[in-house]
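In: make a model of this:
(one chain, ligands or ions: 2)
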Amino acid sequence: MTYQIAVLPGDGIGPEIIEQAVRVLSALKLPLEIKQAPVGGTAYDQFGHPLPPETLATAQASHAILFGAVGDWKYDKLPRAHRPEQAILGLRKALGLFANLRPAILYPELANASSLKPEIVSGLDILILRELTGDIYFGQPRGTRDAPDGPFAGEPEGFDTMRYAKSEVSRIAHVGFQTARKRSGKLCSVDKANVLETSQFWRDVVLEVAKEYPDVELTHMYVDNAAMQLVRAPREFDVIVTGNLFGDILSDEAAMLTGSIGMLPSASLNETGQGLYEPSHGSAPDIAGQGVANPLATILSAAMMLRHSLNEDASANRIEAAVRAVLASGLRTADIYEPGTTKVGTAQMGDAVLEALSQG
Ligand code: IPM
Ligand code: MG
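Out: Ligands and ions are numbered 1, 2, ... in the order given. So this is what the prediction gives:
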């Protein structure tokens, strides 16, 4: 059995960080067949679309997708359908990647990287589970029009639709409870049920699903309060399950608690276990091509891929142990550098992980 892996480097620092992750994957001597395909602005420049049909077909035919990053300011003026972001949104939708796992872990070696006091964040290990294919991101109708009614009737307006079907909420809730079960047994569902109908509905469905998981301690929190508690006492949380829009915002906040978004991987899974794996950070066009980007989030995303889509837990553990060993040895890319450590570039960081792998 050979695992088909689609590798989509994308824009900005995407190709540099993906290159290191592919080196690490190749060193594991697993039966992987890797196929690269263009995506994002790079694909738009070559093929006139950020997600060309061939790239989508390659992704669909694979067991897992390793994704770099997309986006560059130079595409910001294109019509929305041609912007790089549409590639990732299109992949999520086309593959049904509804469950987005975004861990926020503070590595002990990087305790000073956080902007919060060490006593608030040390040992932080939380998981944001974000619903990824519904909500106001994809709800129809949306667009611009002349307001049909209300106090601004007749004036041009923009509008989107927040909506969730019952099965969409219940399937992400199930993932939430099952994930909580494997961790501390605590699940916090975040919504805005005091204002939004969609959120009240979300909460009702989560409560119904909860009956199947009496062993999991479920709490509910309004999203504004969750944003506050995340910076006040983040370790009170373990698994947070939330909708697409709130999850987008809270996961960036949670990532920043660790001070090193360059370290955080993510996984987006569908019902068959097929998944897309990408670093939580973006394409960072300002440092692209300089060989200074941190490849560790992408390397750790490859580890998540081995664990969640390929069931190769032992290899995933080896990669994670190698990354920890490299951090312990004091090597740092610029984003996590502090005096007393050794600054290295993207490829040198990849070399170090390979070296640690060969010893581990
Ligand atoms: C993310 C990003 C995307 C999102 C953008 C690039 C469309 O912010 O993965 O969090 O909003 O989902
Ligand atoms: Mg985001």
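In: and residue 69, what is it in contact with?
Out: For residue 69, the contact set (C-beta atoms under 8 Å, 6 or more residues apart in numbering) comprises 10-14, 17, 40, 278-279, 281-284. For the C-beta atoms, the positions are set from N, CA and C on the backbone; glycine is no exception.
In: which residues does it form a beta bridge with?
Out: Judged by DSSP bridges, the bridge partners of residue 69 are residue 10.
In: and the gap between it and ligand 1?
Out: Counting by C-beta to the nearest ligand atom, to the nearest Å, the gap from residue 69 to ligand 1 is 9 Å.
In: then residue 332?
Out: For residue 332, the distance to ligand 1 - C-beta to the nearest ligand atom - is 25 Å.
In: now the stretch 101-250 of the chain against ligand 1: closest residue?
Out: Per C-beta to the nearest ligand atom, residue 248 is where the stretch 101-250 of the chain lies closest to ligand 1, at 4.6 Å.
In: for residue 339, give me the pLDDT.
Out: In this model, residue 339 is scored at 93, pLDDT.
In: and it, which of the three is it?
Out: Per DSSP: H, G, I helix; E, B strand; the rest coil, the secondary structure class of residue 339 is coil.
In: residue 315 belongs to a helix?
Out: Yes. Counting by three-state DSSP, residue 315 is located in a helix.
In: so it is in contact with residue 28, correct?
Out: Yes. Counting by C-beta atoms under 8 Å, residue 28 is a contact partner of residue 315 at 5.0 Å.
In: between these two, who's got more neighbours?
Out: Relative neighbour count places residue 315 above the other of residue 315 and residue 28, with 22 against 16, counting by other C-beta atoms under 10 Å.
In: what is the burial count for the residue lying closest to residue 61 once chain neighbours are set aside?
Out: Sequence neighbours aside, residue 4 is the residue nearest to residue 61 in space, at 6.3 Å (criterion: C-beta to C-beta, 6 or more residues apart in numbering). Using other C-beta under 10 Å, residue 4 has 14 other residues around it.
In: begin at 7 from here
Out: Sure, I'll start numbering at 7, so the last one becomes residue 10.
In: what's near enough to touch residue 32?
Out: 38, 40.
In: using the three-state scheme, assign it.
Out: Residue 32 - assigned by three-state DSSP - is helix.
In: for it, give its distance to ligand 1.
Out: Counting by C-beta to the nearest ligand atom, the gap from residue 32 to ligand 1 is 27 Å.
In: find residues that contact each of residue 321 and residue 34.
Out: residue 312.
In: contact partners for residue 302?
Out: Per C-beta under 8 Å, 6+ apart, neighbours of residue 302: 268-269, 329, 332, 339, 355, 359.
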